[in-house]
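>>> below is the sequence, then the predicted model.
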Amino acid sequence: MYSTNGVWCASGYATQAKAIAYGLLKAGFPIAHSAFFGLQGAPIEIDGLKIYPQFGDMWGVQAMKAHGEDFKSDVSMSYQDVWPMDHNLVREVKRWIAHVPIDTEPISPAILERLTLAWKIVSISQFGQDMLKKAGFASTLIKCGVDLDLFKKKDKIKCRETFSLPQDEFIFGMVAANKDNPPRKSFQEVLEAFKMFHDNHPKSKLFILTQHMDNPQGFPIKQFSKDIGIENHILFLDPYKVSIHFNLKETSLFYNAIDCLLSPSTSEGFGLPIIEAQACECPVIVQDYSAMPEHVDHGKTGFICKTAYKRYMQILAYWAIPDVKDLYKQMEAVFTTDRSLMGRNARAKMEKEYDMKDKLSQWIDFFSKIETDIYPTPLTK
Amino acid sequence: MSRVFFTIADTNNEKWANDMICSLKKFHPKEEVILYGQKELDELGYKDINEFFYKSTPFFAKELIKKYDTVIQINADSIVTGNLDHILNDTSYDVGVVLNNNRWDKYTIWDIPLNMYYNCGFVAMRSREFIEHWWQLCNSYHFPQTVFREQGLLNIMCHYGNYKVKCLDDKTHANGLVVKSEWGRLELRDGKLICPALNEYNTSDWEVSIIHVAGGNNPDKMDIFNKFSPEVSNYLKQCIS
């Protein structure tokens, strides 16, 4: 049983889960999906995958257990943040595999407390695996992958036309949820750094792909842009379109429309846009913290900016605040570098290290070993 | 100097007890080991003894100490992963104990510091007086009031009594729950199971001689091999094979 966001949803979790679930199904594993977000009412089936609806607690633990029992699953895997999962409920899940992002150093105690109950742990980044080991946990490393057939270089002019972007300006992009303030996606620092860049390069824009430009719980992007005098150079799409109609194909067009992706988050359990952009030969700028730097070869496929300081958060772990001046410095670097070469390097790195086909092979190996452990005598599929 | 190991296991735990004995014999093939299994427990009428399993260590030890100089109890849900000579060759103590707490588990009784609270999963006894005192307390009005029963009383006796007590977990050795929070980072070096030094926890390398699972009577609790690296997991399986 695979418990995560409904695989049709517009989230990094769903994007990966869809590939994994259908990949395992195609390989012959009996798998069902518990969609704790995105489906209510009754089970459905899409392209051979049985999908169970939301049931019980909002984080899907009761559903994972109940639907797992209904499906007679041997193992149940969750792909989500574990800290909000009720550990009394998690304790009752049979052979719980925690497919988990780790995004801070140290790991939040709330995460560790729940991971003590996991039968197995799969880390999606080397950073996560290293942090887990330091905390005393063994894990299997299977990084996120990118669909290299979908995310690839396309005609920039046509892609800019799709979004009505100016053809003659340097455009930075962001793909970032705006759910909290202080913002995990470093909106303030990015906007401040862009202001510095724009002062030197007036023909430049920042194109932000987010569902909420002015979420009351999030960062007031529009107002802050106005306060620092760059509101006319910040571009965004209609929130309804982004929330409801934006799919992976259009995300690929987005990466091809921009000149560089800015992703210097305060923390990332992985940072899927970082590899999606590079697969499209779009250079990236990330921050030197958590999982971000392992996806980028500094100066070769993108740039890594420094941390100004680390803020200790209520989760009892650190967020890293990007150094605005250094972020600006990297933005100048990407402006002056040979971005075609950088883009080709980025694509080559993605082909070597992040091909979703390779990741699926790892998942198939992973579950094949589990199947052998649980059923030493081969089952008839 | 005569010595005996013993362990206690009802039907649900006999398989684990046999695995533990197998692992002990890997490192100490000539040691005498007694398994008090379901048959022996039934013959004793254990169900008629109130909270028997929470006082079973002194129950059996008080008889064994009449015949042996050293009596060592190991919980059935343990795997011996290394040589125990550092315990067996030391005759300086009345009772040798191991620590209960680690980076996750923080239990204690009275004002005993957390890093000095002992676990009843491995107890090496050389004093008849100690064992009889322990048994007496386990049958007193103190027993039902004491958190973790025989273990709580063990701690009180060790810290407030007049016995020579040795903590078998030290700067170089770890025997049981003290490494439970570190299972994921244990590694093999030169055929020994090592808990590498870590600033946040153990400032020197520990040689790990016992893995103790603990955690009550959950039937799935011994399914632990995924909690170790593949290399260590294979090593543990070899220990019990």
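In hand now; what should we look at? Residues are numbered from 1 along each chain as shown, chains lettered A, B, ... in the order given.
>>> please enumerate the helices of chain B.
B:14-27, B:38-44, B:56-64, B:85-88, B:128-138, B:149-160, B:230-239 (DSSP state H).
>>> of all those helices, which one is nearest A:Pro109?
A:Pro109 sits nearest to helix B:230-239 of all those, at 24.7 Å, using CB to CB. C-beta coordinates here come from the backbone N, C-alpha and C atoms, glycine included.
>>> tell me which residues are up against the closest one.
A:138, B:22-23, B:26, B:79-81, B:183, B:186-188, B:193, B:211, B:225-226, B:228 (CB atoms under 8 Å, 6 or more residues apart in numbering or on different chains).
>>> if any of those are buried, put those into a PyMOL selection.
With 16 or more other CB atoms under 10 Å in any protein chain shown as the criterion, this PyMOL line picks the buried residues out of these:
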select buried, (chain A and resi 138) or (chain B and resi 23+26+79+80+81+183+186+187+193+211+225+226+228)
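>>> residue 155: how many residues sit nearby?
Let's take chain A. By other CB atoms under 10 Å in any protein chain shown, 11 other residues sit near A:Asp155.
>>> wrong one, chain B
Quick note: B:Asn155 (other CB under 10 Å) scores 25 neighbours.
>>> name all residues that make contact with it.
Contacts of B:Asn155 (CB under 8 Å, 6+ apart): B:Thr108, B:Ile109, B:Trp110, B:Ile112, B:Tyr117, B:Tyr118.
>>> is it true that the first one touches B:Leu114?
Yes - shown here, B:Thr108 and B:Leu114 form a contact pair, counting by CB atoms under 8 Å, at 5.4 Å.
>>> okay, these two: which has more neighbours?
More neighbours surround B:Thr108 than the other of B:Thr108 and B:Leu114, with 17 against 13 (other CB under 10 Å).
>>> gap between that one and B:Lys66?
33 Å (CB to CB, to the nearest Å).
>>> checking the closest residue in space to A:Gln223 that isn't next to it in sequence next. Helix, strand or coil?
Spatial nearest neighbour of A:Gln223, chain neighbours left out: A:Asp214 (7.0 Å); criterion: CB to CB, 6 or more residues apart in numbering or on different chains. Reducing the assignment at A:Asp214 to three states with DSSP: H, G, I helix; E, B strand; the rest coil gives coil.
>>> so A:Asp214 versus A:Ile208, what's the distance?
12 Å.
>>> what count of nearby residues applies to whatever residue of the stretch 251-381 of chain A ends up closest to chain B?
Closest approach between the stretch 251-381 of chain A and chain B, counting by CB to the nearest CB: A:Asp373, at 8.3 Å. Using other CB under 10 Å, A:Asp373 has 13 neighbouring residues.
>>> sorry, back to before: what about the contacts of B:Asn155, which are in strands?
Those of the contacts of B:Asn155 mapping onto strands are B:Tyr118, per DSSP state E.
>>> hmm, back to that, let's have the helices of chain B in CSV, adding distance to B:Arg103.
Formatted as CSV, the helices of chain B follow (distance: least, CB to CB, whole Å):
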stretch, distance to B:Arg103
helix B:14-27, 24
helix B:38-44, 35
helix B:56-64, 26
helix B:85-88, 23
helix B:128-138, 29
helix B:149-160, 20
helix B:230-239, 18
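>>> just send those helices back as a markdown table, with distance to A:Leu132 and mean pLDDT too.
As requested, those are exported to a markdown table (distance: least, CB to CB, whole Å; pLDDT from 0 to 100):
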| stretch | distance to A:Leu132 | mean pLDDT |
| --- | --- | --- |
| helix B:14-27 | 27 | 96 |
| helix B:38-44 | 39 | 93 |
| helix B:56-64 | 35 | 96 |
| helix B:85-88 | 31 | 92 |
| helix B:128-138 | 40 | 97 |
| helix B:149-160 | 30 | 96 |
| helix B:230-239 | 15 | 96 |
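>>> quick one, which of those helices is nearest to A:Tyr52?
By CB to CB (comparing all of the helices of chain B), the closest turns out to be helix B:230-239, at 32.2 Å.
>>> quick one, that closest one and helix B:14-27 angle?
90 degrees (axes from the mean of the first three to the mean of the last three CA atoms, to 10 degrees).
>>> so which residues on chain A come close to chain B?
Contact residues, chain A versus chain B (CB under 8 Å from any CB of the partner chain): A:95, A:112-113, A:116, A:119-120, A:132-139.
>>> and the residues you listed, which of them are buried?
Neighbour-count burial (16+ other CB under 10 Å) applied to the residues of chain A next to chain B gives A:95, A:112, A:116, A:119-120, A:132-139.
>>> mind putting those residues into TSV with pLDDT and secondary structure?
Shown next, in TSV, are those (pLDDT from 0 to 100; DSSP: H, G, I helix; E, B strand; the rest coil):
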residue	pLDDT	secondary structure
A:Arg95	95	coil
A:Leu112	94	helix
A:Thr116	93	coil
A:Trp119	95	coil
A:Lys120	96	strand
A:Leu132	97	helix
A:Lys133	96	helix
A:Lys134	96	helix
A:Ala135	96	coil
A:Gly136	96	coil
A:Phe137	97	coil
A:Ala138	97	coil
A:Ser139	97	coil
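>>> hmm, which two among those are most spread apart?
Every pair of these checked by CB to CB; the farthest is A:Arg95 and A:Lys134, at 25.1 Å.
>>> just the endpoints, please. Distance across stretch A:154-165?
Using CA to CA, to the nearest Å, one end of stretch A:154-165 lies 15 Å from the other.
>>> which strand or helix spans A:Met350?
In the assignment (DSSP states H and E), A:Met350 maps to helix A:339-353.
>>> next, the buried residues of that helix.
Buried, per 16+ other CB under 10 Å, within helix A:339-353: A:Arg339, A:Met342, A:Gly343, A:Asn345, A:Ala346, A:Arg347, A:Lys349, A:Met350.
>>> okay, these in TSV with pLDDT next?
As requested, these are exported to TSV (pLDDT from 0 to 100):
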residue	pLDDT
A:Arg339	97
A:Met342	98
A:Gly343	98
A:Asn345	98
A:Ala346	98
A:Arg347	98
A:Lys349	98
A:Met350	98
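>>> let's have those in CSV, adding distance to A:Ala35.
Listed next are the buried residues of helix A:339-353 as CSV, based on distance: CB to CB, whole Å:
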residue, distance to A:Ala35
A:Arg339, 39
A:Met342, 38
A:Gly343, 36
A:Asn345, 38
A:Ala346, 33
A:Arg347, 33
A:Lys349, 33
A:Met350, 29
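>>> with adjacent residues omitted, what lies nearest to A:Gln80?
Take A:Gln80 and drop its neighbours on the chain: the residue closest to it by CB to CB, 6+ apart is A:Thr4, 5.8 Å away.
>>> now do the SS call for the one you found.
strand.
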